[in-house]
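Visitor: pasted the sequence and its predicted model underneath.
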Amino acid sequence: MALLVLQLQLRWLVWSDFCITRMMQLSRRRGRRCLTRARQRGG
């Protein structure tokens, strides 16, 4: 169980980090949309 939670947290961190870098590279609108999608998944 603990491993599963850690995996989910790690996946969330990687996803959010990817969104932030993408937000900086591309438009802010896309980055925010990416983050909202990540939160809906399990943020």
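Guide: Looks like it came in fine. Residues are numbered from 1 along each chain as shown.

Visitor: so how far is T21 from L3?
Guide: 27 Å (Cβ to Cβ, to the nearest Å). All C-beta atoms are positioned from the backbone trio N, CA, C, and that covers glycine.

Visitor: who's more crowded, those two?
Guide: T21 (11 against 7; other Cβ atoms under 10 Å).

Visitor: please identify the buried residues of the helix or strand encompassing the more buried one?
Guide: Assigned by DSSP states H and E, T21 belongs to helix 2-25. Buried positions in helix 2-25, judged by neighbour count with 16 or more other Cβ atoms under 10 Å: 15, 19, 23.

Visitor: now the helix or strand harbouring R33: mean pLDDT?
Guide: If you go by DSSP H and E, R33 is part of helix 28-42. Helix 28-42 shows an average pLDDT of 66 in the prediction.

Visitor: what about C19, distance to R11?
Guide: To R11, C19 is 13 Å away according to Cβ to Cβ.

Visitor: that should have said L3, apologies.
Guide: For L3, the distance to R11 - Cβ to Cβ - is 12 Å.

Visitor: with T36 instead?
Guide: From T36 to R11 the distance is 17 Å (Cβ to Cβ).

Visitor: what does R33 give?
Guide: 19 Å.

Visitor: and if you look at T21?
Guide: 16 Å.

Visitor: got it, and R22?
Guide: According to Cβ to Cβ, R22 stands 16 Å off from R11.

Visitor: ok, V5 next?
Guide: 11 Å.

Visitor: do the same with D17
Guide: For D17 relative to R11 (Cβ to Cβ), the value is 11 Å.

Visitor: can you check L26 too?
Guide: Distance, L26 to R11, using Cβ to Cβ: 22 Å.

Visitor: still on that earlier bit, any chance of the buried residues of helix 2-25 in a markdown table, with pLDDT and distance to Q40 too?
Guide: Formatted as a markdown table, the buried residues of helix 2-25 follow (pLDDT from 0 to 100; distance: Cβ to Cβ, whole Å):
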| residue | pLDDT | distance to Q40 |
| --- | --- | --- |
| W15 | 86 | 12 |
| C19 | 81 | 13 |
| M23 | 78 | 17 |
